[in-house]
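Student: Take this sequence and fold it.
(2 chains, ligands or ions: 2)
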Amino acid sequence: MIKAENVNYIYQKGTPFERQALFDINLEIADGSLVALIGHTGSGKSTLIQLFNALVKPTSGRILVDGIDVTAQKADLRLIRRMVGLVFQYPEHQLFEETVYKDIAFGPTNMGLSEKEIDERVRKSAALVGLKEKHLERSPFDLSGGQKRRAAIAGVLAMEPKVLILDEPTAGLDPKGRDDILNTIKRLHEENSDMIIIFVSHSMEDVAKTAERVIVMNEGRIETEGSVAEVFTQAERLQRIGLNVPQITLLTDKLRNAGFNLPEEIYTVKYAAKAIAALVGGDGNA
Amino acid sequence: MLKDITIGQYIPGSSPLHKMHAPLKIILTILYITVLFFVDSPVSYAIFTVYTVALVLISGVPLKVLLRGVKPMLWIFIFTAILNVFMTPGEIIWSLPIFRFTLKITNEGLAAGVTMAVRLLYLIMGTSLLTLTTSPLQLTDGIEKLLKPLRKIKVPSHEIAMMMTIAIRFIPTLAEETDKIKKAQTARGADFETGNIIKRAKAMIPLLVPLFISAFRRADDLATAMEARCYNGGDNRTRMKESHMTALDVKAIVISILAAAVVLLAEFWT
Ligand SMILES: Nc1ncnc2c1ncn2[C@@H]1O[C@H](COP(=O)(O)OP(=O)(O)O)[C@@H](O)[C@H]1O
Ligand SMILES: [Mg+2]
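Tutor: Ligands and ions are numbered 1, 2, ... in the order given. Have a look, this model is predicted:
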């Protein structure tokens, strides 16, 4: 479980460039959740997730991961980094080894695992993200954009974290690349019932398709949180802070206002198709 | 941290120093430094100090910011001062025998140490005043103008200035990038802080390789973008905003030359 208590964060404190990025964040994320973190650019999403694995320490407040205080002065950083895997935005920019295999092995090697265990983990996590054996011996710089991204994610997965955090994992990918990543996230969630997965996203469609819970951030504060249905039915509130609900929700809202008897919490195309089909009489295979 | 680099840390403002014609400001800064190296006697130091303080006050740059540029040089400061204090021969005022050496401080040494430290301090303050009150763009524009006569002997003044502009422009970007990659590798268990020199040098690889790749990628993108907009060097190129000398600049020339003359007179006639 992740728990944040009254967390504040100020960048470059004590300089003329001082800027508070997080205000009084209180949060609880249960084991096994698949959470989307959404919010306008600059709302503090990236800052918040960096606090979760002690890359930066809060100006005040506490964060507990599995009961361990990661904000403590003498926190065991190695343990925390092993527990909380963080995939940065554009993680492919961090690739550096000669081969994909070696790059994925970087994390487990730093953990001091045996060669045999490293090998197992590298192959397992490569397979998890959909990389083939033949890719492992290639240079990471010869892969396509989407493959690079997946190789970088595999590098974090190989550390087998209990909490996996991905900062805008689909940014800058083509539709197929996006779907690959989102499907990987879903599969990870299904196969690891205890793992907490948090991903930052700008696409409400992606969030609706993938996440179970949503945390909405606005100007350094948590605006609202809840299940996908709970959050996306607050269309006006989201629009006020510069976010959107999925386009399909806007469409069905319009239809409902025009007198069609559709349920309120429609946020995926699949579900909309079913609901409309039920209304007009059909099988809803969109 | 890389963020403390003060080169090009321009502080916008509207003081006379900010408004001066950039090439002139560079020349007057060179004059300031030249005069500084002739200053030796207490009287001329006093006059020079008054002049420097006046410049700082006119610029409106907070003293704190100005001294931040001095901080990285602190060791050079101390080292120079100590060397001067102990190594200058003269009238001994304190000595301590260690084995066959005698550590001694002389009157002359003390004076030389203090003089050297003050001189370095003013040197840094003078040049910082230039970079703090001149935007990087104006600065390189100024350098380009000053180098222009050298075009006759085939010195590519525009290209040099353009390279400097780009380099300065990318310092903060690269600093940010370094920070990000460092964090990303730290999250994967990389350790940049502990271990002996060899281990630390090795630990830099996961940082340097991505950094170089990203720098080359940026350079490539920039080159393409410049080419796409038909950039082709300095010949016949004009500027959107031409800056010219104004009455203010004439005053600045007069004041600077007067100040230099007074300091030098005080130095050589007393
Ligand atoms: N290294 C930094 N130094 C200073 N301010 C920063 C830094 N990183 C982010 N910020 C500021 O903190 C705020 C939150 O940024 P961030 O967490 O990156 O937002 P998001 O990921 O939601 O776009 C922004 O206003 C940003 O300008
Ligand atoms: Mg971000």
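Student: can you give me the helices for the stretch 151-270 of chain B?
Tutor: B:157-187, B:197-203, B:205-228, B:247-269 (DSSP state H, counting those that start in this stretch).
Student: Among the ones you listed, which comes closest to B:Lys241?
Tutor: If you check each of those against B:Lys241 by CB to CB, helix B:157-187 wins as the nearest, at 14.6 Å. Where you see a C-beta, it was placed from the backbone N, CA and C, and this is true even at glycine.
Student: near chain A, anything from that closest one?
Tutor: Yes. Under the criterion of CB under 8 Å from any CB of the partner chain, chain A is reached by helix B:157-187 at B:Lys180, B:Ile181, B:Lys183, B:Ala184, B:Gln185, B:Thr186, B:Ala187.
Student: Relative to A:Asp66, which of those is nearest.
Tutor: Out of these, the member with the shortest distance to A:Asp66 (by CB to CB) is B:Ala187, at 17.4 Å.
Student: Excluding chain neighbours, what is closest to that closest one?
Tutor: Spatial nearest neighbour of B:Ala187, excluding adjacent residues (CB to CB, 6 or more residues apart in numbering or on different chains): A:Leu86 at 4.3 Å.
Student: Can you tell me the strand partners of the host helix or strand of that neighbour and which way each runs?
Tutor: Using DSSP states H and E, A:Leu86 maps to strand A:84-87. Strand pairing for strand A:84-87, determined by DSSP bridges: strand A:163-166 (parallel).
Student: ok so, going back, mean neighbour count, the helices of the stretch 151-270 of chain B: which tops it?
Tutor: helix B:157-187 (a mean of 17; mean count of other CB atoms under 10 Å in any protein chain shown).
Student: how far does that helix sit from the chain's center?
Tutor: Relative to the centre of its chain, helix B:157-187 is centred 18 Å away, using CA atoms, centre = their mean, to the nearest Å.
Student: can you give me the angle it makes with helix B:205-228?
Tutor: 140 degrees (axes from the mean of the first three to the mean of the last three CA atoms, to 10 degrees).
Student: is helix B:157-187 up against ligand 1 anywhere?
Tutor: No. Using CB under 6 Å from any ligand atom, helix B:157-187 never reaches ligand 1; the gap is at least 6.6 Å.
Student: Which strands and helices lie in contact with that helix?
Tutor: When contacts are defined as 3 or more CB pairs under 8 Å, 6 or more residues apart in numbering or on different chains; DSSP states H and E, helix B:157-187 sits against strand A:84-87, helix B:136-147, helix B:205-228.
Student: Of the residues of helix B:157-187 next to chain A, which is the nearest to ligand 1?
Tutor: Using CB to the nearest ligand atom, B:Lys180 comes nearest to ligand 1 of these, at 8.8 Å.
Student: I'd guessed that closest one sits against A:Leu55; true?
Tutor: No. B:Lys180 is beyond contact range of A:Leu55, at 10.6 Å (criterion: CB atoms under 8 Å).
Student: tell me the domain boundaries of chain A?
Tutor: Domain ranges of chain A: A:2-233, A:246-286, per automatic domain parsing.
Student: Need the ones you listed in a markdown table (columns: mean pLDDT and mean neighbour count).
Tutor: A markdown table is the format used below for those (pLDDT from 0 to 100; neighbours: other CB atoms under 10 Å in any protein chain shown):
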| stretch | mean pLDDT | mean neighbour count |
| --- | --- | --- |
| domain A:2-233 | 93 | 19 |
| domain A:246-286 | 81 | 15 |
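Student: Same list, the ones you listed, but as TSV with distance to B:Asn232 please.
Tutor: Listed next are the domains of chain A as TSV, based on distance: least, CB to CB, whole Å:
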stretch	distance to B:Asn232
domain A:2-233	31
domain A:246-286	46
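Student: So which of these is nearest B:Ile205?
Tutor: Short answer: domain A:2-233, nearest of those by CB to CB, at 6.6 Å.
Student: Just the terminal-to-terminal distance for that closest one.
Tutor: Using CA to CA, to the nearest Å, the gap from the first to the last residue of domain A:2-233 comes to 26 Å.
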